[in-house]
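In: take a look and give me a structure for this.
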Amino acid sequence: MKVKYNRLSSLSQSGNRLTDDKTQYDLVLLDRVSGSVSFKERPKGQELTKLVEQGKISELWVEEFSRLGRNTGDVIKTLEWLDEMKVNVVVRNIGLQSRPNGQKNPIWKMISSVMSSLYEMELENIKERTMVGRKVYVLNGGRLGRPEGTKETEKDFLEKPQTKEIIKNLKKGLTIKDICKIVDCSNKTIIKTKRLGIKHQLIN
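Out: Numbering: from 1, shown residues only. All right, here's what the predicted structure looks like:
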């Protein structure tokens, strides 16, 4: 089976760029989770894992290495496991395959390690720039949070895609820590969702 695995970092992120891929697949899986969540802990990642263990997947396609994760160690561990399971991993943006024609690619391990490290470094740089930008904004008189004079109703909050995803995971019995990773949001948002969910009888 030829499978495509996609990951978007958040519920609001657009997946339009994924439509550029006109390749035909037997199955396409999409996770909407932070790259910091381990591959085998993601909903679709778990589904894919089961298919691999059942020997049903021969080829796995991803847009780039960062779709498998932003943690170098976890990405390499996942790639090594896929190689042990004889799955050919194809990375579209650089045209690299781990096992072309069923044979190990001699430069695969080196390139995958370097690329994974670069993606992890990129994520840390983004976090640092965001943090610095926020501090500069506040020092210059800016105010973070919702603009004054605006008010979001409880109904509006519960209708948000992110809120619905949190409620779905709360119903599954997942912990606040786990949901933070999956949905990529703060503890405060999950606690608020749980309180309003119980109030409106969306959660038992």
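In: where are the low-confidence patches of the protein?
Out: For the chain, the stretches with pLDDT under 70 are 10-20, 116, 118-127, 143-150.
In: just the helices in this structure please.
Out: For the chain, the helices defined by DSSP state H cover 43-53, 72-84, 108-139, 154-159, 161-171, 176-183, 187-199.
In: adding mean neighbour count and distance to Val3, write the ones you listed out as TSV.
Out: Bear in mind the C-beta positions are built from the backbone N, C-alpha and C, glycine included. Listed next are the helices of the chain as TSV, based on neighbours: other Cβ atoms under 10 Å; distance: least, Cβ to Cβ, whole Å:
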stretch	mean neighbour count	distance to Val3
helix 43-53	16	7
helix 72-84	18	11
helix 108-139	13	18
helix 154-159	12	33
helix 161-171	18	23
helix 176-183	18	21
helix 187-199	16	31
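In: could those helices be laid out in TSV, adding distance to Lys2?
Out: Shown next, in TSV, are the helices of the chain (distance: least, Cβ to Cβ, whole Å):
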stretch	distance to Lys2
helix 43-53	12
helix 72-84	14
helix 108-139	19
helix 154-159	37
helix 161-171	29
helix 176-183	27
helix 187-199	37
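In: would you mind splitting the protein into its domains for me?
Out: 2-117, 154-199 (automatic domain parsing).
In: first vs last residue of the longest one, how far apart are they?
Out: Yep, that's domain 2-117 we're talking about. Its start and end residues considered, domain 2-117 measures 27 Å (Cα to Cα, to the nearest Å).
In: likewise for the last one?
Out: Between the opening and closing residues of domain 154-199 there is a gap of 10 Å (Cα to Cα).
In: ok, Pro161 to Val37 distance?
Out: 18 Å (Cβ to Cβ, to the nearest Å).
In: so which of the domains of the chain gets nearest Lys135?
Out: domain 154-199 (18.1 Å; Cβ to Cβ).
In: chain center to that closest one, what's the gap?
Out: Remark: domain 154-199 is offset 17 Å from the chain centroid, using Cα atoms, centre = their mean, to the nearest Å.
In: can you redo the domains of the chain as TSV with distance to Val138?
Out: As requested, those are arranged in TSV below (distance: least, Cβ to Cβ, whole Å):
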stretch	distance to Val138
domain 2-117	24
domain 154-199	18
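In: closest to Arg129 out of these?
Out: Taking Cβ to Cβ, domain 2-117 is the member of these nearest to Arg129, at 15.5 Å.
In: around Arg99, how many other residues sit close by?
Out: 18 (other Cβ atoms under 10 Å).
In: ok, it touching Lys109?
Out: No: under the criterion of Cβ atoms under 8 Å, Arg99 makes no contact with Lys109, lying 11.7 Å away.
In: quick check: Arg70 vs Ser38, distance?
Out: On the measure of Cβ to Cβ, Arg70 and Ser38 end up 11 Å apart.
In: repeat that for Ile76.
Out: Taken as Cβ to Cβ, the span from Ile76 to Ser38 is 12 Å.
In: swap in Gln201?
Out: Counting by Cβ to Cβ, the gap from Gln201 to Ser38 is 33 Å.
In: of the two, which one has the most company?
Out: For the pair Gln201 and Ser38, the greater number of neighbours falls to Ser38 (16 against 7), based on other Cβ under 10 Å.
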